[in-house]
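Engineer: this one's sequence-less:
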């Protein structure tokens, strides 16, 4: 099987700063920012950027045995925090609690391979998307030919496994009506379930599928350059904080234009 290079996954960088944003109504600021204040101000004043992440999603954010984090978003957050004169403070969460924790003011930003969805956008802002990264199956290499489409996967004999609380669960429940679905609560070990023949297919983002096929011999991403569903990844931000979003977007834009962003991507995806 031909494995796609990182350039086929990282196909698009969207770094656009809002020139003007007009908000109607009187939405209140997130609790951590205080009434009328922006996270742009409070983070600089505190010299700490609180970052929510599940920490179970290579290559974006992964918590190691020593409790430290590594990955694409970890590297980017290190640079972003420094631009505000702040230190990154990691707040471990789960996919099910990622949005509630952000909305409750437990962190200033949420990262770690977050897919942009309209459901999430009802309760939060997103940065400009930094990666196109659609839904891709991963299966045992011997079975790749069997799982080339949603229809081919959605058969009564297929055991589809998924992790809870995010877009992977939503995709599985929406698209697979005949396949046997299994909710697996731990994203780190979900790939071992396929290798052990306790499941057949897991549908996740292309970048994760490509990363895991390198880490788990015997597993192969299925056509990662032709995802089953288009998707974008971005950072999730507190709703209605226009000043903070504008700063985040401009920082991402400058990182992309100056080449630092691509160097981070190359480090983790090549």
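Structural biologist: Okay, I see it. This one's a predicted model, so the numbers in the text were calculated from it and none came from an experiment.

Engineer: surely residue 70 meets residue 57?
Structural biologist: No: the criterion here is C-beta atoms under 8 Å, and residue 70 misses it with residue 57 at 11.4 Å. C-beta coordinates here come from the backbone N, C-alpha and C atoms, glycine included.

Engineer: low pLDDT regions in this protein?
Structural biologist: Within the chain, the stretches with pLDDT under 70 are 1-36.

Engineer: wait, residue 233 touches residue 117, no?
Structural biologist: No: the pair residue 233 / residue 117 is not scored as a contact, 10.9 Å apart, by C-beta under 8 Å.

Engineer: which one's more surrounded, these two?
Structural biologist: residue 233 (23 against 15; other C-beta atoms under 10 Å).

Engineer: tally of neighbours for the closest residue to the more buried one other than its chain neighbours?
Structural biologist: Leaving aside its sequence neighbours, residue 233 sits nearest to residue 131 (C-beta to C-beta, 6 or more residues apart in numbering; 4.5 Å). By other C-beta under 10 Å, the residues close to residue 131 number 22.

Engineer: compare residue 70 and residue 57 (neighbour count), which wins?
Structural biologist: Legend: neighbour count by other C-beta under 10 Å for residue 70 and residue 57, higher for residue 57 (27 against 16).

Engineer: what residues does that one make contact with?
Structural biologist: 71, 112-113, 187, 208 (C-beta atoms under 8 Å, 6 or more residues apart in numbering).

Engineer: and which of those residues is nearest to residue 125?
Structural biologist: When the contacts of residue 57 are ranked by distance to residue 125 (C-beta to C-beta), residue 112 comes first, at 16.6 Å.

Engineer: mind listing what the closest one touches?
Structural biologist: Residue 112 neighbours (C-beta under 8 Å, 6+ apart): 53-55, 57, 60-61, 71, 73, 98.

Engineer: and which of these is nearest to residue 145?
Structural biologist: residue 57 (27.4 Å).

Engineer: how much space is there between the closest one and residue 44?
Structural biologist: Using C-beta to C-beta, to the nearest Å, residue 57 is found at 28 Å from residue 44.

Engineer: residue 107 and residue 43 touch, don't they?
Structural biologist: No: if you go by C-beta under 8 Å, residue 107 and residue 43 don't touch, sitting 10.6 Å apart.

Engineer: name the nearest residue to residue 248, sequence neighbours excluded.
Structural biologist: Spatial nearest neighbour of residue 248, chain neighbours left out: residue 127 (4.7 Å); criterion: C-beta to C-beta, 6+ apart.

Engineer: neighbours of that neighbour, how many?
Structural biologist: 24.

Engineer: how close does it get to residue 66?
Structural biologist: Applying C-beta to C-beta, the value for residue 127 to residue 66 is 29 Å.

Engineer: now do the contacts for the residue nearest to the spatial centre of the chain.
Structural biologist: Taking C-alpha atoms, centre = their mean, the centroid of the chain lies closest to residue 113, which sits 1.5 Å from it. Contact analysis of residue 113 by C-beta under 8 Å, 6+ apart lists 57, 60-61, 72-73, 205, 207-208, 233.
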